[in-house]
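Peer 1: sequence-free structure coming up:
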């Protein structure tokens, strides 16, 4: 259906010419799902945009071809390309909230595609749009067809995006991170929907994701991308049973799960190299424990140690399997000891957070949204409580409310006790003093770090405000020590937030929370949308800090792999209420509530990798 041969994409930037996609070749057959995986910055999304010729103004396809039915899309004029884009090949963008037109109804956005690429017009096109909304699972499609994007939830917007992409029944669809940041239940529905539509339409699908569990469920073949190049291609079953490239092996061992509790996750040192340079040797060499002199002096080609399994690594230079690649610098063999639980740090008793609904000229309160309704739990020192549930269940509201960040927005009842001290009644200096003991790591570190302040100012600000007795010299020494603890160089103190990667910014947010030496940290989705290797570094950091300092965590997340690895206790929320509470072992292995069972059943599971070290040694 789709052939890509030596596709090379270049982008002009202030820092030089970036080769975002470098000689990528792959093919998609009818009805096949081909997964393109790798870390952020590897070139996955740029490959998709290159195929559809949706590059930024400074970007261009410098070489190669993209062919459908022996027609090279790269050579087509834009007027003819519009006939292919949407009709023969379409895309489901990563973020539907920014991809849907906010001033057009969802029905009009679907009919626009139908009328542009098919013979169906007018009322018939609208009827077909309603049919597509029904097929993608939107309730009451006859009514919702007239809704605007802002009137729909995140999952519903993603479904509308799918309906738009498939409305003209294309031969090939590109799904770019179609389930990023969705709840596990909605994610399962979206994936089932894509499978069902793919089978009924007989279309080929290029699935772009960094979630290996989703790939193991969906894909027929897999290509692993690193620094603009394909480094491994294989049948999905073979890739998950026997990954060959050192990068692939380390990615698998960086995944958190219950089997790795008490162990450090394997993490990959460094980050994806900048693509505005001329590479001489292997692009993964500076992060690889198997690197030799040859890796630094010349670039490996794709070798074929097994039929249909291609690997860009000198370990397979003679098209034979020499040995298994080594694990990363923090291999899973290193054990960690669990800290004994200490005294209770936080206790919530019948905690309620109600937001007023106001109407009329005088904005009288006519009702309340019960975001949190009668929640009770406690957290002990040195323990991690995972708060899980779907979006809108009230998890983040609990975290913000107990920190007294919602006092002027909501009606709060019940009690939040910090070491027996009621937080709800504290004012002024007393509240400021209490905040020394409890801090928060927000979900989006870029939005919560002041872009106009240097890292040194950001980290010292909390200490200066909450610990005025600490001298300026001591503050500087403390933040420098913290920076080393979270794995960043001291030179980073003079840089601004925009100069860091997402994982590094998350480390800065954690360092800021730790600067005031709290007893409890509320971590709101701290690993959401992070790459596997960066997530492993963050989780190792959380575990290490808990062992060394006895910090308690309220860990808000919908990633059950993280929950299985990190949590001691689990609280499950639905519609503002706590429906299940227990130890991690009890909730994960013997869930009692049907909602908990539904959540766990919806979690995508990675096929267990075959241990073959002794065979290949």
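Peer 2: Looks like it came in fine. Remember, it's a predicted structure, so these values are computed and weren't measured experimentally.

Peer 1: Mind telling me what element the closest residue to residue 170 other than its chain neighbours is part of?
Peer 2: Nearest residue to residue 170, sequence neighbours excluded (CB to CB, 6 or more residues apart in numbering): residue 90, at 4.5 Å. C-beta coordinates here come from the backbone N, C-alpha and C atoms, glycine included. Assigned by DSSP states H and E, residue 90 belongs to strand 89-92.

Peer 1: circling back to that earlier point, tell me the predicted confidence for the residue nearest to residue 170.
Peer 2: pLDDT recorded at residue 90 is 93.

Peer 1: And residue 113, by the same measure?
Peer 2: Note on residue 113: pLDDT of 94.

Peer 1: How about the secondary structure of it?
Peer 2: The local conformation at residue 113, judged by DSSP: H, G, I helix; E, B strand; the rest coil, is helix.

Peer 1: Now it: closest residue in space, sequence neighbours ignored.
Peer 2: residue 167 (4.4 Å).

Peer 1: Tell me, how many residues neighbour that neighbour?
Peer 2: 27 (other CB atoms under 10 Å).

Peer 1: again, but for the one 5 residues further on
Peer 2: Applying other CB under 10 Å, we find 22 residues neighbouring residue 172.

Peer 1: Verify the contact between it and residue 89 for me.
Peer 2: Yes: if you go by CB atoms under 8 Å, residue 172 and residue 89 touch, sitting 4.3 Å apart.

Peer 1: Now do the shared contacts for these two.
Peer 2: 2, 68 (CB atoms under 8 Å, 6 or more residues apart in numbering).

Peer 1: what about the strands in the stretch 251-400 of the chain?
Peer 2: Remark: strands assigned in the stretch 251-400 of the chain by DSSP state E, counting those that start in this stretch are 303-306, 309-311, 344-359, 364-380, 384-388.

Peer 1: Enumerate every residue touching the closest residue to residue 292 other than its chain neighbours.
Peer 2: Spatial nearest neighbour of residue 292, chain neighbours left out: residue 314 (6.8 Å); criterion: CB to CB, 6+ apart. Residue 314 makes contact with 282, 292, 294-295, 300, according to CB under 8 Å, 6+ apart.

Peer 1: What score does residue 314 have for pLDDT?
Peer 2: Here the pLDDT value assigned to residue 314 is 90.

Peer 1: And it, how close does it get to residue 284?
Peer 2: As judged by CB to CB, to the nearest Å, residue 314 and residue 284 stand 11 Å apart.

Peer 1: same question, residue 51
Peer 2: With CB to CB as the criterion, residue 51 and residue 284 are 25 Å apart.

Peer 1: Check residue 515 too.
Peer 2: Counting by CB to CB, the separation of residue 515 from residue 284 is 35 Å.

Peer 1: what's near enough to touch residue 233?
Peer 2: Residues in contact with residue 233 (CB under 8 Å, 6+ apart) are 26, 221-224, 302, 309-310.

Peer 1: Narrow those to those that are buried.
Peer 2: Neighbour counting with 16 or more other CB atoms under 10 Å marks 26, 221-224, 309-310 as buried within the contacts of residue 233.

Peer 1: Strands - which of these land there?
Peer 2: Secondary structure from DSSP state E places 26, 221-224, 309-310 of the buried ones among the contacts of residue 233 in strands.
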